[in-house]
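Asker: have a look at this prediction, sequence included:
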Amino acid sequence: MDRILFHLGPFTVYTLGASIAVGTLIAIGLADREAKRMGMDADQISTLSIILLVAGILGARLFFVMFYDPLYYWQHPLDIFKIYEGGLSIHGGILGAILAGRWYTRRTALSFWTVADLFAPAAVLAQGIARVGCDVYGKVMPAAWPWGVQVQGQLVHPVQIYETLLDLALFIFLWGKHERQRYSGQVFIYYLGGYALIRLVLEYFRTNPVLIGNLTPAHLTSILFIVAALGLDRWSSRHKVVRMEANNAPALWVSPGVWAAITALAASSVWIFYSINR
């Protein structure tokens, strides 16, 4: 994959940056639509979207610098600012966005859990779209499987498209969960645990620096996320007021229109990924 998508006069448009931008715009539009449907303040949600984006990027970069290659960045501190060259950790991005969201909701008297439920499906949708333009590939395949991609003369796992498809599946689950919540915050907690599980599995197909034994920073952080999600779900199930009974939910998990849109998005993502990885 070429890191540079195209040049626009003096500006360089990077493949990863373009995919992140597309995912972000779709996610913000979805969150704004849901906020209006729920009767929430559109201006507050729009402001929060920008804050979460900035905090997510800063958190993703800081986490990567601290846990993936700290010695290099200690010796080359100015390279910390070269985000356009890659080097973002999704776990750090999630942590940064959570901290920023908590800060903003306390300042505006918004319910953190309600807002978190609002943004969770949009976040995983953005993550899935952004992965299409990622140039971090997986390990060498043990056999010549037809979906592999050639990188430097080797057939490797296309972990980017693996994650895209799994993220879209998680989006379907979270979107349907909105109508089946037992307590405020459940959609967000399931997002936290669900995405961590996805990344935990995919990490076995990737090559990253290890911290303990064969465990990478992403392994350890995913495990912590899963433990936190399980603990929060257990605590919330016991202490929060039940908000909706499951038998009041629609018969279909999500509407046919949502299924069609996500199926089309999945198909187009696969086509785009393999088109730019020929």
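Answerer: Sure thing, it's come through. Numbers count the residues shown, from 1 in each chain.
Asker: ranges for the helices of the protein?
Answerer: 15-37, 42-67, 70-75, 90-108, 112-131, 159-177, 186-202, 217-239, 256-275 (DSSP state H).
Asker: so for stretch 80-96, what gets flagged as buried?
Answerer: Across stretch 80-96, burial judged by 16 or more other C-beta atoms under 10 Å covers 83, 87, 88, 89, 90, 91, 92, 93, 94, 95, 96. For every residue, glycine as well, the C-beta is placed using N, CA and C.
Asker: whoops, stretch 114-127 was the one
Answerer: 115-127.
Asker: what of stretch 95-114?
Answerer: 95, 96, 97, 98, 100, 101, 104, 105, 110, 112, 113.
Asker: possible to save the residues you listed as JSON lines with pLDDT and distance to residue 188?
Answerer: As requested, those are exported to JSON lines (pLDDT from 0 to 100; distance: C-beta to C-beta, whole Å):
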{"residue": "95", "pLDDT": "96", "distance to residue 188": "14"}
{"residue": "96", "pLDDT": "96", "distance to residue 188": "15"}
{"residue": "97", "pLDDT": "96", "distance to residue 188": "11"}
{"residue": "98", "pLDDT": "97", "distance to residue 188": "9"}
{"residue": "100", "pLDDT": "97", "distance to residue 188": "14"}
{"residue": "101", "pLDDT": "96", "distance to residue 188": "10"}
{"residue": "104", "pLDDT": "97", "distance to residue 188": "15"}
{"residue": "105", "pLDDT": "95", "distance to residue 188": "12"}
{"residue": "110", "pLDDT": "92", "distance to residue 188": "14"}
{"residue": "112", "pLDDT": "95", "distance to residue 188": "9"}
{"residue": "113", "pLDDT": "95", "distance to residue 188": "7"}
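Asker: now the end-to-end length of stretch 32-50.
Answerer: 12 Å (C-alpha to C-alpha, to the nearest Å).
Asker: now swap in stretch 138-156 and tell me
Answerer: Stretch 138-156 end-to-end distance (C-alpha to C-alpha) = 6 Å.
Asker: which residues touch it?
Answerer: 137, 157, 158, 159, 161, 162, 202, 205, 206, 207, 274, 277 (C-beta atoms under 8 Å, 6 or more residues apart in numbering).
Asker: once you drop chain neighbours, what's closest to the fourth one?
Answerer: Spelled out, it's residue 159. Nearest residue to residue 159, sequence neighbours excluded (C-beta to C-beta, 6 or more residues apart in numbering): residue 138, at 3.8 Å.
Asker: please apply the same query to the second one.
Answerer: For residue 157, the nearest residue in space outside its immediate sequence neighbours is residue 138; the separation is 3.0 Å by C-beta to C-beta, 6+ apart.
Asker: out of the helices of the chain, name the one with the poorest average pLDDT.
Answerer: Ranked by mean pLDDT, the helices of the chain bottom out at helix 70-75, which scores a mean of 87.
Asker: report the buried residues of that one.
Answerer: residue 73.
Asker: how about the CA coordinates for that helix, as PDB?
Answerer: C-alpha atoms of helix 70-75 as PDB (Å, rounded to 0.1, in the frame of the first residue of the first chain):
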ATOM      1  CA  PRO A  70       9.900   4.700  23.700                       C
ATOM      2  CA  LEU A  71      13.600   4.500  23.200                       C
ATOM      3  CA  TYR A  72      13.400   5.700  19.600                       C
ATOM      4  CA  TYR A  73      11.300   8.700  20.500                       C
ATOM      5  CA  TRP A  74      13.500   9.500  23.500                       C
ATOM      6  CA  GLN A  75      16.400   9.800  21.000                       C
END
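Asker: circling back: which residues does the residue nearest to residue 159 bridge with?
Answerer: residue 206 (DSSP bridges).
Asker: how many neighbours does residue 134 have?
Answerer: For residue 134, the count of nearby residues is 20 (other C-beta atoms under 10 Å).
Asker: can you tell me the closest non-neighbouring residue to it?
Answerer: residue 160 (4.6 Å).
Asker: fine by me, we can end here.
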